[in-house]
Structure formats: structure tokens, C-alpha cells
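S.K.: Next comes the sequence, and after it the predicted model I'd like to discuss.
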Amino acid sequence: MSRLEHSTVASDLFRPRLNSFTSQAALSRPATSRRNSTNAPRNPFETPTPSLHSRVALSTGSSPIAARPRRRFQSSRLVGEFEKPWLNSSKRGPNWDSIIFYTCVSIALSLGAYICYDAVRHVPKNEYCLVLEDTFSSLDSNTWSHEIQMNGFGTGSFDWTTDDQANSFVTSEGLHIVPTMTIGSSGISAEQLTNGYTVNLTADGTCTNSRNQRVSELITDSPCVAVSNSSINQIINPVRSARLTTAGKKTIKYGRVEVVARMPKGDWLWPAIWYYHNPSARASCTYSLRMMPQDSVYGEWPRSGEIDIVESRGNDAQTYPLGNNIVSSALHWGTTASNNMFQLSKGEWGSKRTKYSNGFHTFGLEWSEKYLFTWLDGRLRQVLFFNFANNKNLWTYGEFAGTTVNGSAPDDPWAAAGTANAPFDQSFYLILNVAVGSTNGWFPDGIGSKPWTDGSDNAMRDFWKANSTWSQTWGDGVERGMTVKSVKMWQEGKC
């Protein structure tokens, strides 16, 4: 190849190549032209210059890049009428998926219906006869009696129960049971409360029970006399309250009870609604609703039983872990006071957002030969349920055989009854009361800055010395007491 040919080839290598997208005019412009510069301003309404990689030709001229034709969609749908012989056959195959599904659904619905029917069928359909309905337009002496004592009814509480109108009275809200300070409501001075004074309820004829009551296995206490003596730290009961019962007037053996009440507000207040058997037997009570047996058929407490429908504490739930957001129920039964087996038959209901001193609530009891249960604001909210039919008898359930009390083996007090629910097979009466403090463990030691200890001989005095602290927590007026709006009692059976 000649030198001329070499130079021609070299110049061809560096010469711009023309294609269908490049005009001659564009190649002839200077390289510094602003129009071809990537930074040159563009008309926003101008048709953009196609990319070199565009798959569509920009001119009608020939292009080295041929447009690829699109494939036309072709439907696979059958057109026209076709035979479907399977539709004409009467022997179609079973749809097992549907059969299995609907069979299972039918079985589940049938089982659910039977369970509901069986539950309804076993709901007791007892007949009841109303024996008491009191809405407290007044305090009816044909229904209610006051118990007047000073020894705490066996619980070691610090109140003196009276029939004073300052401690129990009726307003448009209902019956109020309100504790008051002994100083200022009884004529006893502060000096007399702590030394040199004697209260003798037997002498003035107001004591309702002159029988000494047992406070332990070895100690009995008089319910009618109190003496203050500073040398032995013994004082007169510093608080007065009230305790009302239907003993000897309204009782039931099996049936229902409903009490609408508002609980008290204040530290160391103990309200109670309960049933008991005999007013002369030892009973433990506080701020609660209880029933006690009319007659001590099986002996003194707890051999003849006790039904606590509701008990509570007045301490504020925000500062006391066992406070007024908790209510409890229990059955007390045993061979001796130290062998009380209430731990096997108790229940409680607590609420995080409710204080039972802030409003009225309904507390109920349903009691039959086969079962006993208590409830709060409706039968579905059960506090305690005890099924007597699950046990041969309470002697066996309590496992008393083989135990000893003070070195002696206890006897079976319910053997002669031959029933599974003895001692809860006798007539009980209703008690309403508000107690203050106790030494029986209801207010546990070491919780909530408790100012006394249960085992101390000076418990009442220590409680009174801290009065400047706990008295400030008591509600104003009737708030410090239990207010009972209504009481209803039904006897099981026809009227």
C-alpha cells in the first residue's frame, strides 16, 4: 500500500461517521456551539430529540434498526356449541370437600347446643319466699336489734358497740352505721379514757350479752365491763360504733340474701355483712355482711358455723395493698377457735378501678343444701362458691382426724347430723356492723404503717396513741360509716 493510501485510511478512521440520525449540518457546526452543548438551554415545549437507542424510526428513510412487530393476542376460548356429556349423566361424583366441611359444622353446632341445654337444665330452679324487705324509711324494731358490748366479739376490735343515734340512724339514703370517737360522744374525758374510769354495761342495764366470751383457747373476756388503768396501759374503748342483727326476728335456713350498701372510708375500719346462729356465741366481725346461726346446734363458735357474705377494709387502696378495692367472703367452721378452717372456704374480688366506698353495690348470697355462693353486683360475678356435694362431710374435708388441740384429739361435732353440709344446715340470722381495728390478723402486722401489733397487750392503747394519723383518713360525716340502702331475704321453698 502506498503512502497516500495509508494517509487516506488514517483520515477515514478519525472522520465522523454519518448515520440516519446525524445531519450534515450538525457535523459542520463548531464543536463549541452552545446549541449542541449539553448545558445549552432548551425550549420546554419542544419535541425532545429521540435517543439513539430508540426502537422507533424517526424518518421515513431506511433505518439499520428494524422495528420488531408485536405479536397479536390470540384467544384460546372455544367458539360455538360443544357437547358436555358429563352434564347429562345422573351419576355425578360426590363433592367430598363440601361434605366434610358441612358435616363438621353440623356436629359442632349440635354439640354446642347440647352443652348449652345441659347447662341450663342443671341450673337450680328453687322456689323462694320473701321473708324480709327493708328499704329503711325508718329503723324497724320488729326486724332489727342492737348488740351492745365492749370486747370486740372475739376479734379483739377496739370499738364499743352502742344503740346511740350518733352511731346508727336513718336518712333518705338508708341506714347509716357510723363510728365516732368515745371522747366527745359519751361524756368520758381524755383523762378518764386512759386512767381511773370504769364502764359497766351490766350495771346500767344496756349490755345485751352478759356471758363471757372466749378470745383464745385459755382466755375468756367479759363483753360488758371496761376499766382504764394507765399503770398497765389499759384504756376504755376509744371508738364507738354499732352492730345490728335480725336475731330472733328474721332468719332463714337456705335461701337468698341481697344487700345494697356503700362501704366506709377510713384507715382500720372493718365493715361486715354476715350470718350467724346464736347471739350468745362468740362471733368475729368487722365492716362486713354476715349470717350467724340462730341456735348453736353444734356448740360454740366455730362449731356451729358462720357465713361472711362480704367483708372489707376502709383503708385507701392507693396506699394500702389490702384496701377498699377488695371485698371477700368466707365460711367459718371447725372444732375449736384455733382449728377454724375458713382458709378452705374463702374467696375475694378485687378491682383496679373501683373503691367500694365510692358508691353503692349489691352483695348477694345464694344458699342451698348442696351449695353456697356469694356474689357482687350480679350472680355471674361470684366471690365465693362452695359445693357441699363434692365432699362426704366437712369433718373429712377439713382433715380433722389425727390432729390435736392442746394435746387432745378433737371430736366430730357434726357426726350426729349425717349431712354433708353441717353445720350449714340450720337457721341463720343477719348481722350488719362496722368494727374498728382488731387483733385477729384481719389487718396484718407490718403492712400500711399499722400502729399496733396483734400480739401486744397494749394494742388498743397503741392504736389510740396514733389517732392523729388515722382519724385524718376517715371520711366526713356518713362517709366514715357503712350505708345500707336495702336488705332482702328469701327463704327457700313456697310461702
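M.R.: Happy to help now that I have it. Residues are numbered from 1 along each chain as shown.

S.K.: wait, residue 348 sits on residue 382?
M.R.: No. Counting by C-beta atoms under 8 Å, residue 348 does not reach residue 382; the two are 11.1 Å apart. Every residue, glycine included, has its C-beta placed from N, CA and C.

S.K.: quick one, what contacts residue 317?
M.R.: Residue 317 is in contact with 323, 324, 325, 326, 355, counting by C-beta atoms under 8 Å, 6 or more residues apart in numbering.

S.K.: next one: residue 246
M.R.: Shown in contact with residue 246 (C-beta under 8 Å, 6+ apart): 132, 143, 144, 145, 429, 430, 431, 489.

S.K.: Closest one to residue 311 out of those residues, please.
M.R.: Out of these, the one with the shortest distance to residue 311 is residue 431. That distance is 11.4 Å, counting by C-beta to C-beta.

S.K.: Near residue 145, how many other residues are there?
M.R.: Residue neighbour count, defined by other C-beta atoms under 10 Å, stands at 18 for residue 145.

S.K.: Ok, the one 10 residues further on next?
M.R.: One way to gauge burial is a neighbour count; for residue 155, by other C-beta under 10 Å, it gives 23.

S.K.: Report pLDDT for residue 398.
M.R.: Residue 398 is assigned a predicted lDDT (pLDDT) of 95.

S.K.: Touching, it and residue 332? I think so.
M.R.: No. Checked against C-beta under 8 Å, the pair residue 398 and residue 332 is beyond contact range at 11.7 Å.

S.K.: And these two? Which one has more around it.
M.R.: When neighbours are counted by other C-beta under 10 Å, residue 332 comes out ahead of the other of residue 398 and residue 332, with 24 against 21.

S.K.: now, the most widely separated pair of the contacts of residue 317?
M.R.: Every pair in these was compared (C-beta to C-beta); the two farthest apart turn out to be 326 and 355, at 9.8 Å.

S.K.: what sits against residue 323?
M.R.: Neighbour list for residue 323: 313, 314, 315, 316, 317, 355 [criterion: C-beta under 8 Å, 6+ apart].

S.K.: hang on, I meant residue 135
M.R.: Residue 135 makes contact with 174, 485, 486 under the criterion C-beta under 8 Å, 6+ apart.

S.K.: Tell me which stretches of the stretch 51-200 of the chain form helices.
M.R.: With DSSP state H, counting those that start in this stretch as the definition, the stretch 51-200 of the chain shows helices at residue ranges 85-88, 96-121, 190-194.

S.K.: again but with the stretch 351-495 of the chain, I slipped
M.R.: For the stretch 351-495 of the chain, the helices defined by DSSP H, counting those that start in this stretch cover 394-397, 459-465, 467-470.

S.K.: Save these as a markdown table, and put in distance to residue 360 and mean neighbour count too.
M.R.: Compiled in a markdown table, the helices of the stretch 351-495 of the chain are given as follows (distance: least, C-beta to C-beta, whole Å; neighbours: other C-beta atoms under 10 Å):
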| stretch | distance to residue 360 | mean neighbour count |
| --- | --- | --- |
| helix 394-397 | 34 | 19 |
| helix 459-465 | 29 | 20 |
| helix 467-470 | 25 | 13 |
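
S.K.: Same list (the ones you listed) but as a markdown table, adding distance to residue 124.
M.R.: Supplementary listing: the helices of the stretch 351-495 of the chain in a markdown table, determined by distance: least, C-beta to C-beta, whole Å:
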| stretch | distance to residue 124 |
| --- | --- |
| helix 394-397 | 21 |
| helix 459-465 | 45 |
| helix 467-470 | 44 |
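
S.K.: Closest one of the contacts of residue 317 to residue 276?
M.R.: Within those, proximity to residue 276 (C-beta to C-beta) peaks at residue 326, which comes in at 22.8 Å.

S.K.: gap between the closest residue to the closest one other than its chain neighbours and residue 449?
M.R.: The spatial neighbour of residue 326 that comes closest, neighbours along the chain excluded (C-beta to C-beta, 6 or more residues apart in numbering), is residue 350 at 4.4 Å. Residue 350 sits 21 Å away from residue 449, going by C-beta to C-beta, to the nearest Å.

S.K.: in this structure, which ranges drop under the pLDDT threshold?
M.R.: Segments of the chain classed as low confidence (criterion: pLDDT under 70) are 1-67, 90-92, 210-221, 277-290.

S.K.: Look up how far residue 426 lies from residue 155.
M.R.: Residue 155 sits 23 Å away from residue 426 when distances are taken as C-beta to C-beta.

S.K.: and if you look at residue 448?
M.R.: Using C-beta to C-beta, residue 448 is found at 38 Å from residue 426.

S.K.: of those two, who's got more company?
M.R.: Legend: neighbour count by other C-beta under 10 Å for residue 448 and residue 426, higher for residue 426 (20 against 17).

S.K.: Contacts only, for the more buried one.
M.R.: Per C-beta under 8 Å, 6+ apart, neighbours of residue 426: 253, 277, 293, 294, 295, 297, 304, 305.

S.K.: Just the ones of these in strands?
M.R.: For the contacts of residue 426, the ones inside strands are residue 293, with DSSP state E as the criterion.

S.K.: TSV for the contacts of residue 426, including distance to residue 435 and neighbour count?
M.R.: Rendered in TSV, the data for those read as follows (distance: C-beta to C-beta, whole Å; neighbours: other C-beta atoms under 10 Å):
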residue	distance to residue 435	neighbour count
253	27	16
277	19	30
293	20	30
294	22	24
295	24	14
297	26	20
304	21	27
305	20	28
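
S.K.: among the contacts of residue 426, which two are most distant?
M.R.: Largest separation among the contacts of residue 426 by C-beta to C-beta: 253 and 304, giving 12.9 Å.

S.K.: The residue nearest to residue 419 when sequence neighbours are not counted: neighbouring residues, count only.
M.R.: Nearest in space to residue 419, with sequence neighbours left out and distances taken as C-beta to C-beta, 6+ apart, is residue 425 at 5.2 Å. As a burial measure, residue 425 scores 19 neighbours (other C-beta under 10 Å).

S.K.: Appreciated, that's everything.
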